[in-house]
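**Q** Let's see this in three dimensions:
(2 chains)
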Amino acid sequence: MSLESYLSISALLFAMGLIMFISRRNSVAILMAVELIINAAAINFVAFSRFVPSAEARLDGQVFAIFIILLAAAEAVVALAIVLALYKEKKHIQADQLVGLHG
Amino acid sequence: MTSTLPYLSYIPAHLIMGVAILVFFLAKAIPGLKNVSPVGIFVLVLIAGFVTELMMGSESKSLFFNMLQVDSYSRFYNQLFFIIIGVTVLMMKNNDEMNRSIEWEVFGLLSTICLGMMMMTSATHLLMIVVGIELVSLPSYILVALNRRFSTSKEASLKYVLFGSFATGIMLYGISLLFGLTGTLQLKSLWPALAASPNFGTPIYYIAIIMTLAGMSFKIAAVPFHFWCPDAYQAAPTPITAFLSVAPKVAGLALIMRFFADHVPVQSEQLSMIVSLIAMITMTLGNFAALRQKDIKRLLAYSSISHAGFLLMGIAVMNEVGRQYVFFYIVIYALMNMGAFMAIIYLSQGRNFEIKSFAGLIKSKPVMVVGFTICLFSLAGLPPFGGFVGKFYLFWVVIEKGFWALAAVAGVNSVVSLYYYVGVIKTMIIDEREGQMPDFSTQSSVPIGFVILCAIPIVVFGLYWNPLVNLSALVHMF
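**A** As a prediction, this is how the structure comes out:
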């Protein structure tokens, strides 16, 4: 497979994540959209470090991808904890019905 | 095999914070720590961090294969963070919006944020930038949700975490594009490689830079990543609001300056244009949205958005002088914002944050209201207060570079901002109060002393600012 096919997959994932982030109402679905965007970046990193290796830093991209996976996990933990706490209070997690704050 | 261990002696404050994180999160499992006051330990940690950073001098050193750079720039900003966190602890002592039983964990989260901010000020590698931003972001999502009075704080926290992780995702994608364009992640070799790249000046180059800026502008609450800011500030416990409105914002600005520090190989006009465009939109939107706010914390949230715009003026010029005056204004901004929030904590007693409820308070607490008024006038940028001098220098560097449009927009915004600050002052001093005066007899008088301590330097720096100019001249990168 060429670099272009990897990049188009990641661009597709990114676009899907973006559309999902804007259109979905459920908080957990929005989180999944963010995961799609983050994973698109990870695919980019791995593909770039495989096809365009730089002389002095051959593994930078792959190491960055591992960091991205850890980071996505940490973010999901915090976000889901907050979603749980919210669910205990409100009995729903619809983002468009959270209108307690405005002005 | 080169060892990285000797590098550790250059980052003593980071090590202290790292140990502090472990101690605070494991505290309930360590026998004998139960009877110790967490506040005492935390204040000791902050003092130790501050003193070690102070004693490191002005030596500049690149650590861990050019991943971190410690220099007088990072040290001055780090000292500022220790002071701001110390003030936040003082605010928490005078406020009961947070549950006292979770103090250990709260201090653990604050230590984590502090470590992240110290990484943000010295990161010279895109991976370190991401790690630093996330170390600051993740604990602040939790801190926002800890208000036990205000049931919407979890809702605000959810909005914060969704927007925050979205901004991080965009930034990661931008960084991956930068990596693809250049094959390097180090800022030092990034800009020369960008200038040499065949894609230099094409849309993908701008997309990559703007997407990378997205995550950083989320931390300083710049448009278009400011949506979380008013909600999170209104619903968070007030000490945390004060902390978030200063410390992570300062760290984000320091990070953006570090990111653009080596931009010389690429032509800087387009980069300046991008940053000044963000600055103009940010300050205009923040100011005009602040005009119709009824809640004082929300008002200060929008005011802090517009101040991020003003501070971006100093970054848009992209030179050493601009960076020094950004530091100059940040010191004054920290003074006046912390003073204003301490006054809010005292006057609202952690219950009612509507501006209406502050009516006529000059009669019962004149000293506090005068201190608060000085902070607000300074935020508006009126002479003879420190805020005026800070804004004056930022205008000066921008005009010297010839960015007339930016200076004009900022000038109009300064005038507009006067309106809503004066509105608050009018409510407190001129308006008559309907109904009973609140009872302040149970409150300690420490906040009054603190606000006076903030107001005095604001007035002094407004009249005699040379010492602070000399201090900011010491803030050197590399």
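
**Q** in chain A, which spans are strands?
**A** Using DSSP state E, chain A contains no strands.

**Q** longest single helix anywhere in it?
**A** helix A:60-90 (DSSP state H).

**Q** helices or strands next to that helix in the packing?
**A** Counting contacts by 3 or more Cβ pairs under 8 Å, 6 or more residues apart in numbering or on different chains; DSSP states H and E, helix A:60-90 is packed against helix A:27-51, helix B:126-144, helix B:153-182. All C-beta atoms are positioned from the backbone trio N, CA, C, and that covers glycine.

**Q** Only the buried residues of stretch B:469-478, if you could.
**A** B:472, B:475, B:477 (16 or more other Cβ atoms under 10 Å in any protein chain shown).

**Q** can you map out the strands along chain B?
**A** Counting by DSSP E, the strands of chain B are B:61-63, B:68-70.

**Q** The lowest-mean-pLDDT helix or strand in chain B near chain A at all?
**A** Ranked by mean pLDDT, DSSP states H and E, the weakest helix or strand in chain B is strand B:61-63, scoring a mean of 85. No - for strand B:61-63, no contact with chain A is found by Cβ under 8 Å from any Cβ of the partner chain; the gap never falls below 15.0 Å.

**Q** sorry, back to before: would you mark the buried spots in the longest helix of chain A?
**A** Using 16+ other Cβ under 10 Å as the burial criterion, the residues of helix A:60-90 that qualify are A:60-61, A:64-65, A:67-68, A:71-72, A:75-76, A:78-79, A:82-83, A:85-86, A:90.

**Q** same thing with stretch B:177-185?
**A** Applying 16+ other Cβ under 10 Å to stretch B:177-185 flags B:177, B:178, B:179, B:180, B:181, B:182, B:183, B:184, B:185 as buried.

**Q** OK, contacts around the second one?
**A** Read that as residue B:178. B:126, B:190, B:194, B:208, B:209, B:212 (Cβ atoms under 8 Å, 6 or more residues apart in numbering or on different chains).

**Q** Any chance of a ChimeraX selection covering the buried ones in these?
**A** Buried residues within the contacts of residue B:178, by 16+ other Cβ under 10 Å, are selected in ChimeraX with:
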select /B:126,190,194,208,209,212
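
**Q** JSON lines please, covering the contacts of residue B:178 and showing distance to chain A and pLDDT.
**A** Putting the contacts of residue B:178 into JSON lines (distance: Cβ to the nearest Cβ, whole Å; pLDDT from 0 to 100) gives the following:
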{"residue": "B:126", "distance to chain A": "8", "pLDDT": "93"}
{"residue": "B:190", "distance to chain A": "11", "pLDDT": "89"}
{"residue": "B:194", "distance to chain A": "13", "pLDDT": "88"}
{"residue": "B:208", "distance to chain A": "11", "pLDDT": "93"}
{"residue": "B:209", "distance to chain A": "15", "pLDDT": "92"}
{"residue": "B:212", "distance to chain A": "11", "pLDDT": "93"}
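
**Q** So residue B:113 sits against residue B:141, correct?
**A** No - using Cβ atoms under 8 Å, residue B:113 is not in contact with residue B:141, being 10.8 Å away.

**Q** For the buried residues of stretch B:469-478, could you give me a markdown table that also reports distance to residue B:58?
**A** Listed next are the buried residues of stretch B:469-478 as a markdown table, based on distance: Cβ to Cβ, whole Å:
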| residue | distance to residue B:58 |
| --- | --- |
| B:472 | 14 |
| B:475 | 10 |
| B:477 | 12 |
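
**Q** Lowest-confidence one in these?
**A** Lowest pLDDT among the buried residues of stretch B:469-478: residue B:477, with 79.

**Q** residues touching that residue, list them.
**A** B:69, B:71, B:73, B:257, B:258, B:261, B:320, B:323.

**Q** and which of those is nearest to chain A?
**A** residue B:69 (17.4 Å; Cβ to the nearest Cβ).

**Q** Nearest residue to the closest one in space, please, no chain neighbours.
**A** residue B:124 (4.5 Å; Cβ to Cβ, 6 or more residues apart in numbering or on different chains).

**Q** Ok, residue B:143 next?
**A** That would be residue B:240: by Cβ to Cβ, 6+ apart, it lies 4.8 Å from residue B:143.

**Q** Listing request: residues of chain A with sub-threshold pLDDT.
**A** Applying pLDDT under 70 to chain A flags residues A:53-57, A:100-103.

**Q** residue closest to the middle of it?
**A** By Cα atoms, centre = their mean, chain A has its centre lying nearest to residue A:35, at 2.5 Å.

**Q** right, and residue B:237 touches residue B:99 too?
**A** No - the pair residue B:237 / residue B:99 is not scored as a contact, 9.6 Å apart, by Cβ under 8 Å.

**Q** circling back to that earlier point, single out the most deeply packed of the strands of chain B.
**A** strand B:68-70 (a mean of 23; mean count of other Cβ atoms under 10 Å in any protein chain shown).

**Q** quick one: contacts of that strand?
**A** With Cβ under 8 Å, 6+ apart as the criterion, strand B:68-70 contacts B:10-11, B:56, B:59-63, B:119, B:122-125, B:128, B:258, B:477-478.
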